[in-house]
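Novice: Below is the sequence, then the predicted model.
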Amino acid sequence: MGRGTLPKDVSGIKIHMIGIKGTGMSALAELLCARGARVSGSDVADVFYTDRILARLGVPVRTPFSCQNLADAPDVVIHSAAYVPEENDELAEAYRRGIPTLTYPEALGDISCARFSCGIAGVHGKTTTTAMIAQMVKELRLDASVLVGSAVSGNNDSCVVLNGDTFFIAETCEYRRHFLHFHPQKIVLTSVEHDHQDYYSSYEDILAAYFHYIDRLPQFGELFYCVDDQGVREVVQLAFFSRPDLVYVPYGERAWGDYGVSIHGVQDRKISFSLRGFAGEFYVALPGEHSVLNATGALALALSLVKKQYGEVTVEHLTTLRKVLALFQGCRRRSEILGEVRGILFMDDYGHHPTAIKKTLRGLKTFFPERRIVVDFMSHTYSRTAALLTEFAESFQDADVVILHEIYASAREVYQGEVNGEHLFELTKRKHRRVYYYEAVMQAVPFLQAELKEGDLFVTLGAGDNCKLGEVLFNYFKGEV
């Protein structure tokens with residue numbers, strides 16, 4: 001059985017998706033359903049927010065994984081890259097039967113190959129940037145579909161915007177070089193630094209991956225890049241010498257040209273900024289100067305697509321974009337506000353790298369200067385924690401209280417070192433006045449019930465499962481527990 005392919009026209013094709021409850025897989029299912037495919041799927045029995053999306057789509061989801069799930073003889077099987085036939089009997093059976101089979105990144109690549117596609121990439125910022133573009137696509141009525149790596153606020157829990165088929169815009173991931181399956185005509189590059197230490201052995205290794213991604217652009221392809229980011233500057237320098245044919249469009253405070261940014265400050269929980277090539281101010285209703293940079297990257301791509309579809313950018317287009325940014329409320333697990341009760345503001349954020357943690361907390365401190373910031377952080381993967389132990393310990397300077405836990409292990413990594421959550425705790429204690437350690441997430445509940453008070457901002461940080469702590473505490477203070 002060779003690597004399967006996804007045809008440009010999927011109408012009427014039976015597609016079975018193994019691991020369908022994942023954020024990207026459920027978004028892909030929504031995209032395929034909209035294009036007429038007959039989608040089914042399988043996954044574990046645990047309930048996720050994506051269950052609601054799949055039920056709304058009418059997609060049958062079978063649990064658990066089983067060879068019997070292939071009884072309908074699908075034409076194509078798409079599976080999460082987290083699964084391999086050696087460890088998943090259902091996928092192994094698809095291979096045995098000779099059913100055309102491809103991974104999620106391969107399927108995304110096939111879709112991108114058949115359309116004018118734009119990829120959003122970067123170690124940090126790609127999800128929020130893509131979500132902003134999704135809202136811009138809707139309001140500008142661009143003939144485009146957008147696939148985001150998280151549910152977009154105000155989009156009915158969905159990670160997809162379906163507004164047409166001329167353009168395809170997707171968040172593309174660097175893990176295991178998955179984005180090298182994508183065929184971009186334009187790229188927005190937000191940031192580059194060493195991450196995914198279970199796969200990339202060095203900074204140079206991940207830098208090379210991003211270089212190869214840029215190199216996939218066709219002649220005269222367009223690269224919008226955040227010049228404020230050191231890693232981005234380095235990879236763009238590499239790309240420029242081998243691909244002088246590309247159109248390089250910098251954005252950021254260091255940028256020349258239309259997308260040079262000037263940040264003016266926070267007013268009414270909105271950051272005001274201006275761009276060198278445009279009159280007037282823009283506002284972003286998300287914390288952190290990095291949110292301004294994400295917004296600028298989104299603006300740059302959106303305006304380039306406006307020119308391509310409509311032939312020109314009008315005052316009305318710019319007015320629409322200003323409105324989108326001012327009203328944009330983010331996406332799931334990206335500075336997401338869960339609610340406020342008894343004067344305590346509850347938030348959740350996916351930040352799981354020291355750089356992301358620093359930027360998130362600095363942004364919250366600026367946005368909410370009157371609030372005490374209480375952070376619950378669960379580090380994700382032993383390999384990342386071990387490689388960046390000191391950086392993690394130094395990343396909580398803008399927090400008033402820090403709670404740490406045992407590291408959230410990844411099923412995909414094999415770690416044989418000695419670093420654990422207590423090592424991170426001991427090192428963080430040397431650099432921060434109030435740090436506490438509870439091995440299991442729920443062990444922190446009694447402490448936080450007593451600690452949190454009116455005026456606090458409580459934020460769960462990380463890619464682990466400590467986000468459930470915010471929900472438990474929010475319900476407790478509401479009097480529902």
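Specialist: Received, thanks.
Novice: From here on, just use CA atoms for contacts and neighbour counts.
Specialist: OK.
Novice: in the stretch 301-450 of the chain, which spans are helices?
Specialist: 315-327, 354-367, 382-387, 389-393, 421-429, 445-451 (DSSP state H, counting those that start in this stretch).
Novice: Show me what the fifth one is packed against.
Specialist: Here helix 421-429 touches helix 389-393, strand 435-437, going by 3 or more CA pairs under 8 Å, 6 or more residues apart in numbering; DSSP states H and E.
Novice: Tell me where the model's unsure across the stretch 351-481 of the chain.
Specialist: Low-confidence segments of the stretch 351-481 of the chain (pLDDT under 70): 411-416, 480-481.
Novice: swap in the chain?
Specialist: 1-2, 331-332, 334, 411-416, 480-481.
Novice: Which residue ranges make up each domain of it?
Specialist: What the record gives for the chain is the domain set 14-102, 115-327, 336-478, from automatic domain parsing.
Novice: Can you add mean neighbour count and distance to residue 8 and give the ones you listed back as a markdown table?
Specialist: Converted to a markdown table, the domains of the chain look like this (neighbours: other CA atoms under 10 Å; distance: least, CA to CA, whole Å):
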| stretch | mean neighbour count | distance to residue 8 |
| --- | --- | --- |
| domain 14-102 | 18 | 10 |
| domain 115-327 | 20 | 9 |
| domain 336-478 | 18 | 32 |
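Novice: closest to residue 123 out of the helices of the stretch 301-450 of the chain?
Specialist: helix 354-367 (9.3 Å; CA to CA).
Novice: Off-centre distance for that closest one?
Specialist: Distance, stretch centre to chain centre, for helix 354-367: 17 Å (CA atoms, centre = their mean, to the nearest Å).
Novice: same question, stretch 212-220
Specialist: With CA atoms, centre = their mean, you get 22 Å for stretch 212-220.
Novice: Any idea how far apart the tips of that stretch sit?
Specialist: End-to-end distance for stretch 212-220: 16 Å, by CA to CA, to the nearest Å.
Novice: Leaving out chain neighbours, which residue sits closest to the residue positioned nearest the centre of the chain?
Specialist: For the chain, the residue nearest the mean C-alpha position is residue 127 (3.2 Å; CA atoms, centre = their mean). The shortest distance from residue 127 to any non-neighbouring residue, by CA to CA, 6 or more residues apart in numbering, is to residue 149 (5.7 Å).
Novice: Backbone dihedrals for that neighbour, both of them.
Specialist: Note on residue 149: its backbone torsions stand at phi -80, psi 10 [degrees, to the nearest 10].
Novice: And the one 10 residues further on, by the same measure?
Specialist: Note on residue 159: backbone dihedrals following degrees, to the nearest 10 are phi -100, psi 10.
Novice: And the helices of the stretch 301-450 of the chain: which comes nearest residue 61?
Specialist: Judging those by CA to CA, what sits closest to residue 61 is helix 382-387, at 32.4 Å.
Novice: hang on, the earlier thing: and the domains of the chain: which comes nearest residue 5?
Specialist: domain 14-102 (6.9 Å).
Novice: distance between the ends of that closest one?
Specialist: 14 Å.
Novice: Centroid-wise, who is the farthest residue in this protein?
Specialist: Furthest out from the centre of the chain (CA atoms, centre = their mean) sits residue 97, at 34.8 Å.
Novice: Present the domains of the chain as JSON lines; the columns should include distance to residue 109.
Specialist: Output for the domains of the chain, formatted as JSON lines (distance: least, CA to CA, whole Å):
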{"stretch": "domain 14-102", "distance to residue 109": "10"}
{"stretch": "domain 115-327", "distance to residue 109": "4"}
{"stretch": "domain 336-478", "distance to residue 109": "23"}
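Novice: Could you point out which of these sits nearest residue 6?
Specialist: Of all the domains of the chain, the one in closest proximity to residue 6, counting by CA to CA, is domain 14-102 (7.7 Å).
Novice: what sits up against stretch 391-400?
Specialist: The contact list for stretch 391-400 (CA atoms under 8 Å, 6 or more residues apart in numbering) reads 353-355, 357-358, 361-362, 365, 372-375, 385, 402, 424-425, 427-428, 431-432, 434.
Novice: Oops, could you answer that again for stretch 449-456 instead?
Specialist: 342-345, 370-374, 458, 473.
Novice: Please repeat the previous calculation with a cut-off of 10 Å.
Specialist: Stretch 449-456 is contacted from outside by 340-346, 368, 370-374, 400-401, 445, 458, 473-474, 476-477, using CA atoms under 10 Å, 6 or more residues apart in numbering.
Novice: how much space between residue 301 and residue 136?
Specialist: Distance from residue 301 to residue 136, counting by CA to CA: 10 Å.
Novice: What's opposite residue 146 in the beta bridge?
Specialist: Counting by DSSP bridges, residue 146 forms beta bridges with residue 161, residue 169.
Novice: ok, it touching residue 137?
Specialist: Yes - the pair residue 146 / residue 137 is scored as a contact, 8.1 Å apart, by CA atoms under 10 Å.
Novice: Next, show the common contact partners of those two.
Specialist: Common neighbours of residue 146 and residue 137 (CA under 10 Å, 6+ apart) are 131, 161-164, 167, 169.
Novice: CSV for those residues, including distance to residue 462?
Specialist: As requested, the shared contacts of residue 146 and residue 137 are exported to CSV (distance: CA to CA, whole Å):
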residue, distance to residue 462
131, 20
161, 26
162, 30
163, 32
164, 34
167, 33
169, 26
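Novice: Max pairwise distance over those residues: which two?
Specialist: The most widely separated members of the shared contacts of residue 146 and residue 137, counting by CA to CA, are 131 and 164 (16.5 Å).
Novice: Pull the contacting residues for residue 25.
Specialist: With CA under 10 Å, 6+ apart, residue 25 has these contacts: 17-19, 31, 41, 50, 78-81, 103-105, 108, 149.
Novice: From those residues, pick the one nearest residue 180.
Specialist: Within the contacts of residue 25, distances to residue 180 taken as CA to CA reach their minimum at residue 105, with 8.6 Å.
Novice: For that closest one, give its distance to residue 298.
Specialist: Residue 105 is 22 Å from residue 298, by CA to CA.
Novice: ok, back up a step: check the secondary structure at the residue nearest to the centre of the chain for me.
Specialist: On the three-state scheme (DSSP: H, G, I helix; E, B strand; the rest coil), residue 127 is labelled helix.
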